Each structure stands twice: as structure tokens, then as C-alpha cells.
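Asks: dropping a prediction and its sequence here:
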Amino acid sequence: MTRRPTPPTDPRTAPSGSSGWWRDAVIYQVYVRSFADSNGDGVGDLPGVRERLPHLAALGVDAVWLTPFYASPQADGGYDVADYRAVDPLFGTLDDAVELIDRAHELGIRVIVDVVPNHTSEQHPWFRAALAQGPERTRYHFRPGRGTDGELPPNDWESVFGGPAWTRTTRPDGTPGDWYLHLFAPQQPDLNWDDPAVHAEFDSVLRFWLDRGVDGFRIDVAHGMVKAAGMPDIGAREQAKMIGSQVLPFFDQDGVHTIHRAWRRLLDTYDGERIGVAEAWAPSAERLALYVRPDELHQAFNFQFLTCPWDAAAMRTVIDASLAATGSVGAPTTWVLSNHDVVRHLTRYGGDDHARGLRRARAAALLMLALPGSTYLYQGEELGLPEVSDLPDAVRQDPSFFRSDGQDGLRDGCRVPLPWTPEGPSYGFGDGGSWLPQPEEWKRLSAAAQQGVADSTLELYRKALTVRKELPGLGDGAMRWRPSADGLLDFVRDGFRCTLNAGSAPVELPSPGRLLVASAEVADGPGTGVVLPADTCAWWAI
Ligand code: NOJ
């Protein structure tokens, strides 16, 4: 297999000794099943993504991250993989994947794919063999139950999706058997990373995709592969709520770093700086920074930023903590506001008031794109899409919805397929319908409806990404806060100033500089001053 070329790197961003393309890359998350549907079956697919790549090139992103498109029963949107080297027919073929990677590279866009190493699908041949008492059993966590007849789970761990993290098996003779661990849905048995066969298999899977030209991996549940010795009880309920605020015996164990170091060594044997990105929920910025030490992964998602409320002081605290922590290990910080697992930030910031949410979402995008480091965008945020909060239960597919008695079905509403055109059965998503219904008002938000409209959200993102590329002071590098009033975030970088008014009243700024881009109209104030409205962010050349 020949290694495919990756796009040329931009020497402007290069730290000494390496190109470091990823240090300030803008990376666009494509949730494949909801991006574009090429064959009219209502589900997005790889040829659909390929056809829509010009949208991403025009937007100006450096890379795409594709969510899992591997062979899977789709019990958890493809995060239950049955064959890591095959493309699910729902999404296309292996040739489609290779063509997509090649076409993206021709357009100067790098490609990051998901890898799911914490668990397989229950349909993975290893797990089928394990259930049949084969030697593959050691590759998963099987344990006898507690209680007089083993009728109780081996410990008190809860699944992230609700309910116990263990499911009891049935022996081939029909009698109840051991339990197996699944931190997510029962269809996602956790792998046992103490077994060398698991390491060997994932090394081979990584090579398989690297040989097909991918530029990196987003590592699913990168904090989960190692469990505390003895699998101790936690002694508390509602464990999902503890994730990200404390170290649990199944998450953020120190042993995961050994795996990431080995993967880094493997990545470094390839040309073109192939990267690893940790999806890791760690209790603090300091613990998250451990994943991006120089011999580990390149990036980790900054969920502390994503979960921060619309509050200038809180945002400043998170920004400072993030920069300090990653800076201490020489890694860039990443910024992210939305993804396929959380309520879209427009709705988080504005609730049912979409107009307010949109104002804040636009301002937040400018803030994020002005900060030092790399930025992740989630498909549809460039269109100003809100969460779809009123999906009927009958159409929901998120396993967490079913595992939590319907109280927590939050992940379908951010996965509704994109509107591309104001017309058509699924607003240009495809020739058929769409696997989740799109609200009618989305025709107004379609890419075609916003294209060329000066104050549209799509044009705001395009402008911001253009300025970000042109200004040497943006991207990787330093920033410095300016003294500012409550509710304001105001910082400077080389030749550049960014001001966010997250407060509820307009603010006068005397001589802030030459306006580059603003998330809402900035009015003239007295003299050379300007008035920055509430919930607005502006960039200035200084
Ligand atoms: C994180 C993924 O983003 C999410 O969608 C998935 O359900 C879990 N990991 C389990 O794989």
C-alpha cells in the first residue's frame, strides 16, 4: 500500500523543528449520517460528504473529522463497531472512503477519522466467540455475579447511558452465566486492554487507515480503556454526573497514558504529522494536559470550555486554566462549543429564545476563533442551527434515551440532518427524506439561503476563517488580557484585539482599532469610539 500525500503544511504556523499544522488547525466535525445523503435513503453517507467538500473548502477549514462509518449494527450511531476495517453499507464502501480522503486532500483538507478502542459491538467476531466460551473471552471483562446465585452485577458501576454497566450472559446450555462490562450500551462490551491481543489489533487497525492516507484519529473514550485494578465499587449513584469532575475507577486511570504513548510512537513512524486527538473527560485542565504531553497525543478536546456558561468571568477562568495547563506541557489548547453528544450551543446559550441564542452563538464563535490554539467546529454551527428540542419519541434513536426511561434523550436533537437548500424533500440533504425530521424553519437556515448574504452566519464564519488565515497574529501563539469591565472579555494578540461583550448592556469602547469582523452591527460612538452591543464579539486590527 502506498502512502498517500497529505496537504502541504503552512510554514507560517510551524514551531521550530516541525510543521505543527495541527497546532492551530480549524477542524470541522462531520457527523456522517447527518451531513449529506447521496443515495436518497435518508441517511448521510461518504459519497455525500465527498460531494459537499466544496462547502468545507469555501468555509476555509483545515481538516475534517469524520464520525465512525465502520461496519456496525448502529446501536450507538456507529460507536459500536463490528469491523474496524470495513465501511458500513449504510455509508458506502471502502473505495468511497479512499476517494473521500483523496478528494479532501486535493482540496487541501486533512482527514481525521474516529477510532473506538474502549469497546466493540456485541456483533464483533471477538465478542461472538467470547460468548461461545472461546479464548477471545480474555479480550473483554467477564466476571461472575455477586449474590447467592450470581444474580447481582459484579460491582456497582453504572453505564454512562443509565442502568448497570454489566449485563449477564447466558451459557450455551441456556443457564445464566457470567456478566460482562459495558460502560455504554449493552451492545458495546468493553475491551480488556490488559490483553496483548487487543493492543496488537488496534495497532493494525490504525495502520490500516494510516496506509489509506488519514491524517489522524479522534480517539473515542480515550480516558476509558484502563480500569482500576480489582474494579472496586464506587459506593455512589448517578455516576454519569461525576464524569469530568472526579477520577472514577473506570475513567482517567493513569494506565491509559501507556497506550497513548505507544500510539504516538506508531503515528510518528508515518510522514506528514498524523495526529491523535483524545476524547477524554478529565476532572481538571491539569489532568487533561497529561494526554497531550510531548510523547502522547497531539490534542485533547476542551470540554471545560464547551460546558462553560455564558458568563465572561467563568469563560476567562476556563481560558486561563486551559492555556496554563496545555502550555505547561508545550501543547496547544483546543476549543469546541458543540458536537454530536451535547445540546447545540445556540440553544445552551439562548434556551427557547433562538434570536438571543444566535447572537451569543455568533459571538462565541468569534471568541473561540480568536483564541490561541486549534478549534473544532460542529457541522451546522456555521448555519446557526439550534437544537431540535421537540423530536417525537417515536423517531429517537439515541440509546441513552431508552436506557434512562426517556428522561435524557438529548443527543438526537443535535444530530438532525443539515439543510443545504430551501427546497427539496429534506432541504437538499438528499433526494429522499431524512432519518430525523428537520424543522420547517430550517429552509431559511440552509447553506444556499445564506450563501452571499452579508450578515448571515455562514458568511460570518467564512469571513472569520479568512481573517484568521491572513492575520499572522492569530492561530498559535500568545494572548494578553486587557483590563476590562465586568461582562467584557478583551484581549490582544500580535496586531490584533478581540472584545466580547457577554453582558446585558451595550458598552462604549474608545478607539478599539480598525474593525475586522463583528458578530453583530457595531455602531459609532462619541469621537473615534464605538458601541459594542450586548452579546456581541468584534475583532480589531491594532
Ligand atoms: C463518545 C461518543 O462521542 C459518543 O457518541 C458515544 O456514544 C460514546 N463515546 C461511546 O462510544
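Replies: Yes, it's here.

Asks: spell out which parts of the stretch 1-150 of the chain neighbour the ligand.
Replies: With CB under 6 Å from any ligand atom as the criterion, the stretch 1-150 of the chain meets the ligand at residues D76, G77, Y79, V116. Where C-beta positions appear, they are placed from N, C-alpha and C, glycine not excepted.

Asks: would you confirm that the first one contacts A185?
Replies: This points to D76. Yes. Here D76 reaches A185: they are 5.4 Å apart, a contact under CB atoms under 8 Å.

Asks: any common contacting residues for the two?
Replies: Residues touching both D76 and A185 (CB atoms under 8 Å, 6 or more residues apart in numbering) are P399.

Asks: tally of neighbours for E151?
Replies: Neighbour count for E151, taken as other CB atoms under 10 Å: 11.

Asks: what residues does the stretch 151-300 of the chain put near the ligand?
Replies: F184, D220, V221, E279.

Asks: hmm, try it at 5 Å
Replies: Listed as neighbours of the ligand in the stretch 151-300 of the chain under the rule CB under 5 Å from any ligand atom: F184, D220.

Asks: quick one: low-confidence residue ranges for the chain.
Replies: 1-18, 404-409 (pLDDT under 70).

Asks: can we see that at 80?
Replies: Within the chain, the stretches with pLDDT under 80 are 1-18, 402-409.

Asks: residue in it nearest to the ligand?
Replies: Closest approach between the chain and the ligand, counting by CB to the nearest ligand atom: Y79, at 3.3 Å.

Asks: now do the helix or strand where R287 lies: which elements does it pack against?
Replies: Here R287 sits within helix 285-289, counting by DSSP states H and E. For helix 285-289, the elements it packs on are helix 312-328, judged by 3 or more CB pairs under 8 Å, 6 or more residues apart in numbering; DSSP states H and E.

Asks: SS state for the residue positioned nearest the centre of the chain?
Replies: Nearest residue to the geometric centre of the chain (CA atoms, centre = their mean): N339, 4.8 Å. Look at N339: counting by DSSP: H, G, I helix; E, B strand; the rest coil, its state is coil.

Asks: just checking, it touches Y378?
Replies: Yes. Using CB under 8 Å, N339 is in contact with Y378, at 5.1 Å.

Asks: got any residues that touch both of the two?
Replies: Joint contacts of N339 and Y378 (CB under 8 Å, 6+ apart) are Q29, C414.

Asks: coming back round to it: any chance of a markdown table for the residues of the stretch 1-150 of the chain next to the ligand, columns secondary structure and neighbour count?
Replies: Listed next are these as a markdown table, based on DSSP: H, G, I helix; E, B strand; the rest coil; neighbours: other CB atoms under 10 Å:
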| residue | secondary structure | neighbour count |
| --- | --- | --- |
| D76 | coil | 23 |
| G77 | coil | 21 |
| Y79 | coil | 25 |
| V116 | coil | 26 |
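
Asks: ok, the residues you listed vs A394, which is closest?
Replies: G77 (17.7 Å; CB to CB).

Asks: tell me which stretches of the stretch 51-200 of the chain form helices.
Replies: 53-59, 94-106, 125-131, 196-211 (DSSP state H, counting those that start in this stretch).

Asks: just so I know, which of the ones you listed lies nearest A502?
Replies: Nearest to A502, of all the helices of the stretch 51-200 of the chain, is helix 53-59, at 25.3 Å by CB to CB.

Asks: for stretch 174-194, measure first residue to last.
Replies: Stretch 174-194 stretches 29 Å from its first residue to its last (CA to CA, to the nearest Å).

Asks: for W263, grab the count of nearby residues.
Replies: With other CB under 10 Å as criterion, W263 counts 22.

Asks: distance of L267 from G327?
Replies: 22 Å (CB to CB, to the nearest Å).

Asks: in terms of neighbours, single out the busier of the two.
Replies: Neighbours were counted for L267 and for G327 using other CB under 10 Å; L267 has more, 18 against 15.

Asks: which ones are touching that one?
Replies: L206, L210, G216, R274, I275, G276.

Asks: equivalent analysis for R411, please.
Replies: R411 is in contact with H340, D341, V342, D398, S400, F401, counting by CB under 8 Å, 6+ apart.

Asks: turn the residues you listed into CSV, including distance to the ligand.
Replies: Listed next are the contacts of R411 as CSV, based on distance: CB to the nearest ligand atom, whole Å:
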residue, distance to the ligand
H340, 6
D341, 5
V342, 9
D398, 8
S400, 8
F401, 12
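
Asks: name the nearest residue to Q304, sequence neighbours excluded.
Replies: V318 (5.1 Å; CB to CB, 6 or more residues apart in numbering).

Asks: show me what secondary structure element comes after the strand or helix carrying A448.
Replies: In the assignment (DSSP H and E), A448 maps to helix 447-450. Using DSSP H and E, the helix or strand that follows helix 447-450 in sequence is helix 457-470.
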